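1. Kindly return the folded structure for what I paste below:
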Amino acid sequence: MRSGLQAGFIVALAVLGLVIPICSIGEHHPWKQPKNKNSKGTKKNIKVPKPKFVVGIDDALRKGQAVFSSDASAPDLKVVPDTEVDILSEYGTISRTSFSRKGYSARSVTRCGTKEPKGKVKIPRKIKPWKISKRRRGKKRNKRSNKPLRTIPINFHVIYSEEYYQYPNVGGKLDRARIESQIASLNNAYSGAVSKDSVDTRIRFTLNNVSYTDNTTWFFYCDYYFDVIKKEVVVDPATTLNLISCRPFGGFGGWATLPYLDIPEDDYRNAVFINHDAVKGSNKYPYWTQGYTAVHEIGHYLGLYHTFHDYKCHAADDETGGDGVSDTPPEVTYGLRCKDIGRDTCKGDTNDTIVPPYNGKDPVTNFMDYTEDSCMFEFTAGQAAVLNNVTASKRPSLILN
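-> As a prediction, this is how the structure comes out:
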């Protein structure tokens, strides 16, 4: 009897237009922005529109794929596969949760959404392990190389919402000065200028073109629509690196297409996404101030794995273990904050799992770890070799000179 009365009550409300429709995206309820005061002192609650999903998205949502979360208080997020996510989801797991978006319901921010292949890495080799400068031996890491520079042009695509641009830190319409600042940050990182402990990778970047696309749904849900977005905006993927900024609903700092997926150079899927709040010059989050999320994601795009790949201790001179680079000490998990500097999750001696002279403390300050920007400042000689070898073999047309 009660259920019948309840049903009748709901029908009556529906007739009156008082029933709130069930969210079409299941657990992904549109989050609300914190209340902002405008110039007149009034408050406005910003509601992000629901996405209009492509065919088959609801079924993918029901299957779901939980995003790894180190924050026990944060509910599981889900990545909804679109046309290309199937390729990404075959490889590895999504990254850690670093910190929560204050005021956003059930959303978390993660440094990286790039999915790496599980198991042993396969990296093209043109150097011998013993030629890589040894870590922790007191040698200067930033010794200048005589190798020629390899310059990579960047097409920067800004996905934004003009409708929401009036609100602070929402619309995502990056100006050219900020984009140029991000390119400068990339060059500082890849040249070794950030720290004396870093090497010059001999890779540089130049801004080729900037495009703007006003699409509110794409902007707020680019981690759902990334394949559609890439089809629309990516230009000359074989000869230019396409970097796309937006505001991922899942909170990712960025993600990239790995060069090991047997995707042709000229395929539109070759691109890098970056959260507009992680672009250099943002003051939204205290951990993403220097633009190093793009440094990290482009590292993936050019062949580097996370320094904690596979989350295991391994013989550091085993180039199929961990990230496949001999001079990045193994670590069993990522670093999150500057306070993690100095930790050693893989300890041992000649009779243990770690082989000197490569044993050392966790490479928390490496650009391919997860620490905050203020403590992220180095590439190793081994990583520089991988970057150059993989780019030459997997993305040869990308090099401008």
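
2. Would you quantify the distance from the nearest residue to Asp323 once chain neighbours are set aside to Arg204?
-> Ranked by C-beta to C-beta, 6 or more residues apart in numbering and with sequence neighbours excluded, the top spatial neighbour of Asp323 is Tyr305, at 4.1 Å. To be clear about C-beta, it is placed using only N, CA and C from the backbone, and glycine gets the same treatment. For Tyr305, the distance to Arg204 equals 22 Å [C-beta to C-beta, to the nearest Å].

3. Same check on Thr391?
-> For Thr391 relative to Arg204 (C-beta to C-beta), the value is 12 Å.

4. Over to Val210?
-> Taking C-beta to C-beta, one finds Val210 at 18 Å from Arg204.

5. now do Leu186
-> 8 Å.

6. For the two, indicate the residue with more neighbours.
-> Leu186 (24 against 17; other C-beta atoms under 10 Å).

7. wait, doesn't that one sit right on His296?
-> No - using C-beta atoms under 8 Å, Leu186 is not in contact with His296, being 10.6 Å away.

8. Which residues are in contact with each of Thr391 and Arg204?
-> Arg150, Ile152 (C-beta atoms under 8 Å, 6 or more residues apart in numbering).

9. residues in contact with stretch 190-205?
-> With C-beta under 8 Å, 6+ apart, stretch 190-205 has contacts from 133, 140-145, 147-154, 183, 186-189, 241, 295, 298, 302, 365, 377-381, 383-384, 387-388, 391.

10. buried stuff in that stretch?
-> By 16 or more other C-beta atoms under 10 Å, the buried positions in stretch 190-205 come out as 190-192, 194-195, 197-205.

11. what's the closest of these to Ser326?
-> The shortest gap between Ser326 and any of the buried residues of stretch 190-205 belongs to Val199, at 13.7 Å (C-beta to C-beta).

12. confidence score at the closest one?
-> Residue-level confidence at Val199 comes out at 96, pLDDT.

13. The chain should start at 58 in everything you say after this.
-> Okay, residue one is now 58; in that scheme the one you just asked about reads as Val256.

14. backbone phi and psi for it, please?
-> Backbone geometry at Val256, expressed as degrees, to the nearest 10, gives phi -110, psi 160.

15. now swap in Asp232 and tell me
-> phi -90, psi 170.

16. tally of neighbours for the residue lying closest to Leu298 once chain neighbours are set aside?
-> Spatial nearest neighbour of Leu298, chain neighbours left out: Ile211 (4.9 Å); criterion: C-beta to C-beta, 6+ apart. Using other C-beta under 10 Å, the number of residues around Ile211 comes to 22.

17. Check which residues of the longest helix anywhere in the chain are buried.
-> Scanning the chain for the helix with the most residues, using DSSP state H, yields helix 233-248. Residues Arg235, Ile236, Gln239, Ile240, Ser242, Leu243, Asn244, Asn245, Ala246, Tyr247, Ser248 are the ones in helix 233-248 that count as buried (16+ other C-beta under 10 Å).
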